[in-house]
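Undergrad: Quick check, what structure comes out for this input:
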Amino acid sequence: MGIRNMKKEPKSKRYIEETFMMLLEKKKPEKITVLEICRESDINKSTFYVYYHDIYELLDHLQEEVLRKILNSVNEGSRHGITNADELSKNVLRACTEQTDTIKLLFSDTQLYKLPMKLDSLIREIYFTDHPEKNTTEKSLKISFEVYGAYGAFINNPQYDEKLRLEVISRLIDFLN
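TA: Numbers count the residues shown, from 1 in each chain. From the prediction side, this is the model:
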């Protein structure tokens with residue numbers, strides 16, 4: 001019985017997350033209820049609460065999961081690890097565009113402000129863990145400036161071609177060096 005429960009838990013968690021993502025395609029997170037997720041994923045409410053305190057904890061978990069996936073793909077794509085914070089910022093922006101649909105679902109409307117905040121935090125975590133000697137006020141502020149500036153420039157100019165926006169923003173980040 002113990003082995004069966006161990007196998008069921010991750011499956012239930014995955015059902016919860018997949019159902020929530022499906023519901024996000026139709027409505028805002030504020031309009032989704034735990035009961036609705038449970039009904040759609042065919043689980044009990046108590047099962048939901050084993051994994052998440054509420055809808056917002058689930059949303060937060062999924063937001064961080066997609067951003068960690070992006071950062072891990074950037075980190076794995078680098079042969080010698082991340083040695084340059086500017087390159088990390090540019091590569092993260094490019095990787096985010098590959099996850100545009102998921103990001104739009106998880107960071108829509110009232111959640112939009114969380115994207116640069118979480119990216120900034122995760123980039124610093126990765127970069128300064130690998131390079132604690134570079135954790136200075138100047139480098140920290142520069143990373144925040146790049147993340148928030150790049151994000152704002154990218155998101156506020158959808159009328160321009162995505163590839164062109166990425167190229168221009170990358171050049172601007174290089175200019176800051």
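Undergrad: When you work out contacts or count neighbours from here on, use the C-alpha atoms and nothing else.
TA: Will do.
Undergrad: and the spatially most central residue of the chain, what is it in contact with?
TA: Geometric centre of the chain, nearest residue: Leu67, 2.6 Å, by Cα atoms, centre = their mean. By Cα atoms under 8 Å, 6 or more residues apart in numbering, the contact set of Leu67 is Lys118, Leu119, Leu122.
Undergrad: what about it, distance to Tyr15?
TA: 20 Å (Cα to Cα, to the nearest Å).
Undergrad: re the thing from before, check the contacts of Leu67 against Leu59 and report the nearest one.
TA: Closest approach to Leu59 among those (Cα to Cα): Lys118, at 12.9 Å.
Undergrad: hang on, the earlier thing: how about JSON lines for the contacts of Leu67, with neighbour count, secondary structure and pLDDT added?
TA: JSON lines is the format used below for the contacts of Leu67 (neighbours: other Cα atoms under 10 Å; DSSP: H, G, I helix; E, B strand; the rest coil; pLDDT from 0 to 100):
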{"residue": "Lys118", "neighbour count": "17", "secondary structure": "helix", "pLDDT": "91"}
{"residue": "Leu119", "neighbour count": "24", "secondary structure": "helix", "pLDDT": "88"}
{"residue": "Leu122", "neighbour count": "16", "secondary structure": "helix", "pLDDT": "84"}
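Undergrad: and which of those residues is nearest to Thr100?
TA: Leu119 (14.3 Å).
Undergrad: distance of the closest one from Ile32?
TA: Applying Cα to Cα, the value for Leu119 to Ile32 is 25 Å.
Undergrad: Asn157: neighbouring residues, count only.
TA: If you count neighbours by other Cα atoms under 10 Å, Asn157 ends up with 11.
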